[in-house]
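Novice: task: produce atomic coordinates for the following.
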Amino acid sequence: MRPVRLPAAATITLPRWGLIGLCLLYILPGIIRRDPWKTDDAAGFGVMWTMAHGTIGDWLSPNIVGLPMPNDGPLAFWIGALLIKLFGWVAGDALAARLSILVFFAIGAASVWRAAFVLGGRGEAQPLKLAFGGQPAALDYGRTLADGALLIYMACLGLLLRSHETATPALHVALVAASFYAAACVFDRSRTTDALLLGATLGLLVLTRGWTVPLGLLMAMLLLAALRYQRVLQQLLLYTIPLTLLIPLVWVAAHSLLVPGDQGLAAQWMGGKFLMSGGPSLVNIRFLGKTLLWHAWPAWPIALWAIYAWRTQVSLHILLPTAGIGALLLNLAAPVSRDVDLLPLLPPLAILATFGLPTLKRSAINAIDWFSVMTLSAIAAFIWLGWIAKQTGWPAQLAKNAFKLAPGFKPEFNLVALLIALTSSIGWLLLLQWRLGRRPPVLWRAVVLSTGGLVLCWLLLMTLWLPWLNYGQSYAGVAEQISKHLPDNYHCVNARGVGPAQRASFAYLGEVQFSKTVDDRCEFLLVQDTGVRKQRAQLSVVEPEFTLLWQGRRASDRNESFRLFKRATP
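Specialist: Residues are numbered from 1 along each chain as shown. Below you'll find the model as predicted:
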């Protein structure tokens, strides 16, 4: 028996303008006025920038000015490079590349909404009919569930930073969401076009971060079809699997034909991503378990409740996301993982969690609300207080700590940023008044404060704290110093130990002409020393024919330093 009994008033959907506006407030802050940061963000931009200004070999073999980047597929970089080609001349290469963030987020958000709408529109997911009528219409109920899924998706803490990086994880999580939408259509309607769409999304997933995630999802869908929905099995075998294989194989073939000097890179990458290198370690399991608790909040507790609430009638809207979550958890069985490996879990968790919203107890809703209000309001207040401290020097201890983390930082006042921050804070107070004062009966009331509060905090960070974050996370200052010590006309610079993010930042911000291979004709050598202070490591030894020209580091990072050497004239 279905556990949902609802009046029509519970399925009032969010206004379309309100939902779209919230999505824009979520994704737009941080795109403008931000340098590539010392994360995957700078490295991803470096690959896109190299492609946009490089040859066909750069497009087929991802690299940062000659530094190979074989761990990720080329798809996200292709999109960013294409945007640089189209808009770089008017917006600048960095901003043009960050437009890919909008594309990736739009794919993920629309796919989560559509997947929940398709699954929520099925008969077995509908609420029970009330004795005297008044139950919600099927279309309204599906739309309300879809709104809730999108709000839960955006409220996930782990998505926030990664979705704002010009790197493959942002596209990866979006395509995982797209694959669940395509799978929902396949299992719901069993049409050939839907099976082809699923194959296309899985094939593009392979071109994003490898075989493991799409293979796990495909196996889960095949198993679900074989056990419960046999009519779908033929569609998956005849259309989905061949297209999934064809798309990455086209890249491998093009690479082999057009880049003859690097025949094995694509095949090596495909093979390396196909096989797992060992089983999970206890340390890795602990790390992932602890990280998942905050990474997938508030989706995971509501998703667990959904499974419990629907335990007597397990249908496609529960089976499909649950099977996907199980497959993705198995894909985490590796010796070493990062928090970014948890991202694919967020779309199915959000889709599953939205089916828990209609059955949530009032006490659980109040607990989620008050946790969001207290936690996110406190974070927003701290962001405001930190900005005041950096501007005025009060509170003194907070200002001291802020400038200690970024020595040499000079605060700047931006009226537009201040007005945006004030407006968003007032909007948060109005949202609190509406939610806590009126107590609306709509399904998505349990997560609207979580999403709104997270959007507020990100908006405040990207307005009030952006100059301070740029100073601490960007290599612009170091790039400028290196550029000053290089003459106008020089052949090239060799690099030793320079990481992907650093290489990309110096090449773009400092216009350093790195050699794509070790070149004996290069007059300069740039060395990066990492862990010199924290790990008490020794500086790497450099050949005697080089003389030290400059050394320095970012003021906010004592763990790494850079040395620029000049080759002695023979």
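
Novice: what about the stretch 301-450 of the chain, any weak spots by pLDDT?
Specialist: For the stretch 301-450 of the chain, residues meeting the criterion pLDDT under 70 lie at 334-336.

Novice: let's see that with 50 instead.
Specialist: Within the stretch 301-450 of the chain, no stretch has pLDDT under 50.

Novice: with the chain instead?
Specialist: Applying pLDDT under 50 to the chain picks out residues 274-276.

Novice: strands along that one, start to end?
Specialist: Ranges of strands within the chain are 63-64, 67-68, 493-496, 524-530, 546-552, 560-567, based on DSSP state E.

Novice: out of these, which is closest to residue 379?
Specialist: Judged by CB to CB, the one of these that comes nearest to residue 379 is strand 560-567, at 29.0 Å. No exception for glycine: its C-beta is placed from N, CA and C like everyone else's.

Novice: which strands or helices does that closest one pack on?
Specialist: helix 476-484, strand 524-530, strand 546-552 (3 or more CB pairs under 8 Å, 6 or more residues apart in numbering; DSSP states H and E).

Novice: okay, those, which one's buried deepest?
Specialist: Comparing these by mean neighbour count (mean count of other CB atoms under 10 Å), strand 524-530 ranks first with a mean of 20.

Novice: that one to helix 476-484, inter-axis angle?
Specialist: Using axes from the mean of the first three to the mean of the last three CA atoms, to 10 degrees, the direction of strand 524-530 lies 150 degrees away from that of helix 476-484.

Novice: and the angle from strand 524-530 to strand 546-552?
Specialist: 50 degrees.

Novice: remind me what strand 524-530 packs against, helices and strands.
Specialist: strand 493-496, strand 560-567.

Novice: and if we set it to 10 Å?
Specialist: strand 493-496, helix 500-509, strand 546-552, strand 560-567 (3 or more CB pairs under 10 Å, 6 or more residues apart in numbering; DSSP states H and E).

Novice: out of the ones you listed, which is closest to residue 167?
Specialist: Of all the helices and strands packed on strand 524-530, helix 500-509 sits nearest to residue 167, with 10.2 Å by CB to CB.

Novice: figure out how far the closest one is from the centre of its chain.
Specialist: 21 Å (CA atoms, centre = their mean, to the nearest Å).

Novice: over to stretch 174-190?
Specialist: 20 Å.

Novice: may I see the buried residues of that stretch?
Specialist: Neighbour counts over stretch 174-190 (16 or more other CB atoms under 10 Å) mark 174-188, 190 as buried.

Novice: for residue 176, which non-adjacent residue is spatially closest?
Specialist: In this structure, residue 176 finds its nearest non-sequential neighbour in residue 344, 4.5 Å apart by CB to CB, 6 or more residues apart in numbering.

Novice: do residue 351 as well
Specialist: residue 321 (4.6 Å).

Novice: about what we covered before: now do the contacts for the residue nearest to residue 176.
Specialist: Residues in contact with residue 344 (CB atoms under 10 Å, 6 or more residues apart in numbering) are 169, 172-173, 175-177, 179, 205, 209, 212-214, 216-217, 324-325, 327-329, 331-332.

Novice: got it, and residue 118?
Specialist: Taking CB under 10 Å, 6+ apart, we find residue 118 in contact with 125, 142, 146, 180-185, 187-189, 194, 316-317, 320, 351.

Novice: show me what counts as buried in stretch 325-335.
Specialist: For stretch 325-335, using 16+ other CB under 10 Å, the buried residues are 325, 327-328, 331-334.

Novice: do stretch 485-500 as well
Specialist: For stretch 485-500, burial by neighbour count (16+ other CB under 10 Å) applies to 486, 492-495, 498-500.

Novice: as TSV, those with distance to residue 398 would be great.
Specialist: Output for the buried residues of stretch 485-500, formatted as TSV (distance: CB to CB, whole Å):
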residue	distance to residue 398
486	39
492	46
493	41
494	44
495	39
498	35
499	32
500	34
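
Novice: so where do the helices sit in the stretch 351-500 of the chain?
Specialist: For the stretch 351-500 of the chain, applying DSSP state H, counting those that start in this stretch gives helices covering 362-392, 396-405, 415-432, 445-463, 466-473, 476-484, 500-509.

Novice: can you put those in TSV and add distance to residue 8?
Specialist: Listed next are these as TSV, based on distance: least, CB to CB, whole Å:
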stretch	distance to residue 8
helix 362-392	19
helix 396-405	50
helix 415-432	24
helix 445-463	15
helix 466-473	44
helix 476-484	55
helix 500-509	52
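
Novice: closest one to residue 25 among those?
Specialist: In terms of CB to CB, the element of the helices of the stretch 351-500 of the chain nearest to residue 25 is helix 445-463, at 5.1 Å.

Novice: which strands or helices does that closest one pack on?
Specialist: helix 16-27, helix 138-155, helix 157-162, helix 299-309, helix 346-354, helix 362-392, helix 415-432, helix 466-473.

Novice: export it as PDB, just CAs?
Specialist: What follows is helix 445-463, C-alpha atoms only, in PDB (Å, rounded to 0.1, in the frame of the first residue of the first chain):
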ATOM      1  CA  ARG A 445       9.200  23.100   2.800                       C
ATOM      2  CA  ALA A 446      11.600  20.700   4.500                       C
ATOM      3  CA  VAL A 447      14.600  21.700   2.200                       C
ATOM      4  CA  VAL A 448      13.900  25.200   1.100                       C
ATOM      5  CA  LEU A 449      15.800  26.700   4.000                       C
ATOM      6  CA  SER A 450      18.800  24.400   3.500                       C
ATOM      7  CA  THR A 451      19.000  25.500  -0.100                       C
ATOM      8  CA  GLY A 452      18.400  29.200   0.500                       C
ATOM      9  CA  GLY A 453      20.900  29.300   3.400                       C
ATOM     10  CA  LEU A 454      23.600  27.600   1.300                       C
ATOM     11  CA  VAL A 455      23.000  30.000  -1.600                       C
ATOM     12  CA  LEU A 456      23.200  33.000   0.800                       C
ATOM     13  CA  CYS A 457      26.500  31.800   2.300                       C
ATOM     14  CA  TRP A 458      28.100  31.200  -1.100                       C
ATOM     15  CA  LEU A 459      26.800  34.600  -2.400                       C
ATOM     16  CA  LEU A 460      28.300  36.300   0.600                       C
ATOM     17  CA  LEU A 461      31.700  34.600   0.200                       C
ATOM     18  CA  MET A 462      31.800  35.500  -3.500                       C
ATOM     19  CA  THR A 463      31.000  39.100  -2.900                       C
END
